[in-house]
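Trainee: Starting from these lines, generate the structure:
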Amino acid sequence: MGLLNGRSAVVTGGGRGIGRGHCLHLAKQGASVVVNDIDLEEARKVVAEIAEQGGKASTNDSDISTREGAQALISQCVDEFGGIHAVVNNAGNVRDRSFLKMTDEEFMGVVRVHQAGTFMCSQEAALRMRDQGTGGAIVNTVSAAHFGNFGQTNYAGSKGAIASMTYTWALELARYGIRVNAISPSGTTRMSATYKGPDGKDVDLPFNDPTQNGAFVAFLCSDAAAWISGQIFGTGSDRVAILEQPRYGTAIHKDGGWSTEDLAEKFEGYFKSKLEPIGIMKPPYPFYDGVKPPSK
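Mentor: Next up is the predicted model:
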């Protein structure tokens, strides 16, 4: 008996890489899966894999960055499989460009798929889950890029927004029995090939099996994880890790508040050794010598 027998799930961007792994693991645990991908041929391959293993799945190529596409996707799951119990927001794209060169379309093209697509698919699914009275699970996808990554204002910004949406939806949807979590997956995919180091140059990364993330997603969608909501986990690469949520750290207080002159005098003494490292790899804070314009 699988942990998801009798359940139905939707996976966006399920035709390749990490999304394919989610679909295979959900089906392995007994879920009926709608495999959404704009590349319908890739989605069909995943459905065929699932069928060969005795599972149930169907394809969908709706554009999840539109309200019409999100509605069609969730409606298909309900119509074909009798309801919806999990949605995994995995679909993504990248249009990398350094901040000063990024166009509006490069920015919004990524925001529409990642942030807006996650919002619309989750909302459509949550409304159905509420009306079914069954509860359910939403699993979003963030990335270590939201710590900061060269050339990814659009992608990193979207992933940071999805993290904040995850926390908020967990609070709002608990009353309906809907749990909301996110993963920050690792795996070698077409998107990971765009990764750049702090100097903006391409970096060769070791191969990581992208399907490995799916086992944890299937767990999050099951009743075994009924006590988990509002959390973000790093998955893949043989590990599961909690990503610590934003929180206030070291603080200084002064009766009556701080003047600008006070801060100019005192701030370095309190905080110079405590400034946060930035970027995916979290190197030591790099700007102690100042951020200066290029010499002329």
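Trainee: what helix or strand is F219 on?
Mentor: helix 214-220 (DSSP states H and E).
Trainee: again, but for M120
Mentor: With DSSP H and E as the test, M120 turns up in helix 117-132.
Trainee: residues making contact with that helix?
Mentor: With contact meaning Cβ atoms under 8 Å, 6 or more residues apart in numbering, helix 117-132 is reached by 10, 12, 64-67, 69-71, 73-74, 78, 83-85, 87, 89, 91, 135-136, 138, 140-141, 162, 165, 169, 173, 176-178, 180. C-beta coordinates here come from the backbone N, C-alpha and C atoms, glycine included.
Trainee: how about that helix: buried residues?
Mentor: Within helix 117-132, the residues that count as buried by 16 or more other Cβ atoms under 10 Å are 117-126, 128-130, 132.
Trainee: Could you point out which residue ranges in the stretch 51-200 of the chain have low pLDDT?
Mentor: 189-200 (pLDDT under 70).
Trainee: Rebuild the buried residues of helix 117-132 as JSON lines, extending it with distance to N208.
Mentor: Putting the buried residues of helix 117-132 into JSON lines (distance: Cβ to Cβ, whole Å) gives the following:
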{"residue": "G117", "distance to N208": "24"}
{"residue": "T118", "distance to N208": "23"}
{"residue": "F119", "distance to N208": "28"}
{"residue": "M120", "distance to N208": "30"}
{"residue": "C121", "distance to N208": "26"}
{"residue": "S122", "distance to N208": "27"}
{"residue": "Q123", "distance to N208": "32"}
{"residue": "E124", "distance to N208": "32"}
{"residue": "A125", "distance to N208": "29"}
{"residue": "A126", "distance to N208": "31"}
{"residue": "R128", "distance to N208": "34"}
{"residue": "M129", "distance to N208": "32"}
{"residue": "R130", "distance to N208": "37"}
{"residue": "Q132", "distance to N208": "36"}
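Trainee: just the strands in the stretch 151-296 of the chain please.
Mentor: Secondary structure of the stretch 151-296 of the chain, counting by DSSP state E, counting those that start in this stretch: strands at 178-185, 232-235, 241-242.
Trainee: So which of those strands is the most surrounded?
Mentor: Ranked by mean neighbour count under mean count of other Cβ atoms under 10 Å, these are led by strand 178-185, which reaches a mean of 25.
Trainee: count of residues packed around G177?
Mentor: 15 (other Cβ atoms under 10 Å).
Trainee: For it, give its distance to A137.
Mentor: 10 Å (Cβ to Cβ, to the nearest Å).
Trainee: just to revisit the earlier point, roughly how far is the helix holding F219 from the heart of the chain?
Mentor: Relative to the centre of its chain, helix 214-220 is centred 14 Å away, using Cα atoms, centre = their mean, to the nearest Å.
Trainee: and that helix, what does it pack onto?
Mentor: If contacts are counted by 3 or more Cβ pairs under 8 Å, 6 or more residues apart in numbering; DSSP states H and E, helix 214-220 sits against helix 17-28, strand 136-141, strand 178-185, strand 232-235.
Trainee: No further queries at this time; thank you.
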